[in-house]
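# The following comprises the amino acid sequence and a computationally predicted model.
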Amino acid sequence: MSETMLSSGDVVLLEKARDIIRKRYHPERHTVGSALRTRSGRVFAAVHLEAHVGRVAVCAEAIALGMAAAEGDTDIDTIVAVDEHGAVVSPCGMCREMISDYSPQANVVILIDEGLAVVPIRDLLPYKYQATRG
């Protein structure tokens, strides 16, 4: 796995994710915050949406990406998610697929051996599903 240390821009992105969950935390509805930076430099931050019917929940990363898509800017440079305490959490499998689908060159901030690292999404999703075209 290729990893790099956080840049000053990544630290700012992490703080944006922590800020959104601090502001919008709700124990039964919003327990994860995410922020992404596009290659154009725009930042989108969101919280996950929980519902009483568990299958309806939507991850914070997906909502941040949806916000970027609504603005026509889905070329992700870096994305990060945090829990309600501000600790970095790795994206779930579905989010890894979505991030990779929209931006296969994206980087993700994750926790590795008690430290934060920036890794390419392709390292988190080896042998990604590819639709066959016939």
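Noted; the coordinates are in hand. Given the structure is predicted, the values throughout are model-derived calculations rather than measurements.
# which stretches of the protein have low pLDDT?
Scanning the chain for pLDDT under 70 picks out 1-3, 54, 133-134.
# helix or strand for residue 118, which one?
If you go by DSSP states H and E, residue 118 is part of strand 115-120.
# could you give the angle of the lengthiest helix in the chain to strand 115-120?
Scanning the chain for the helix with the most residues, using DSSP state H, yields helix 8-24. Interaxial angle, helix 8-24 versus strand 115-120 (axes from the mean of the first three to the mean of the last three C-alpha atoms, to 10 degrees): 110 degrees.
# Would you mind pulling up the elements that helix 8-24 packs against?
strand 32-38, strand 43-47, strand 76-83, strand 107-112 (3 or more C-beta pairs under 8 Å, 6 or more residues apart in numbering; DSSP states H and E). Every C-beta, even on glycine, is put in place using the N, C-alpha and C of the backbone.
# CA atoms of that helix as PDB?
Taking C-alpha atoms only, helix 8-24 is exported to PDB below (Å, rounded to 0.1, in the frame of the first residue of the first chain):
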ATOM      1  CA  SER A   8      -1.500  21.100   5.200                       C
ATOM      2  CA  GLY A   9      -4.500  20.900   2.900                       C
ATOM      3  CA  ASP A  10      -5.300  17.500   4.200                       C
ATOM      4  CA  VAL A  11      -5.200  18.800   7.800                       C
ATOM      5  CA  VAL A  12      -7.600  21.500   6.800                       C
ATOM      6  CA  LEU A  13      -9.900  18.900   5.200                       C
ATOM      7  CA  LEU A  14      -9.800  16.800   8.300                       C
ATOM      8  CA  GLU A  15     -10.800  19.800  10.400                       C
ATOM      9  CA  LYS A  16     -13.700  20.500   8.000                       C
ATOM     10  CA  ALA A  17     -15.000  16.900   8.600                       C
ATOM     11  CA  ARG A  18     -14.600  17.300  12.400                       C
ATOM     12  CA  ASP A  19     -16.300  20.700  12.300                       C
ATOM     13  CA  ILE A  20     -19.400  19.400  10.400                       C
ATOM     14  CA  ILE A  21     -19.900  16.500  12.800                       C
ATOM     15  CA  ARG A  22     -19.400  18.800  15.800                       C
ATOM     16  CA  LYS A  23     -22.100  21.100  14.500                       C
ATOM     17  CA  ARG A  24     -24.500  18.500  13.300                       C
END
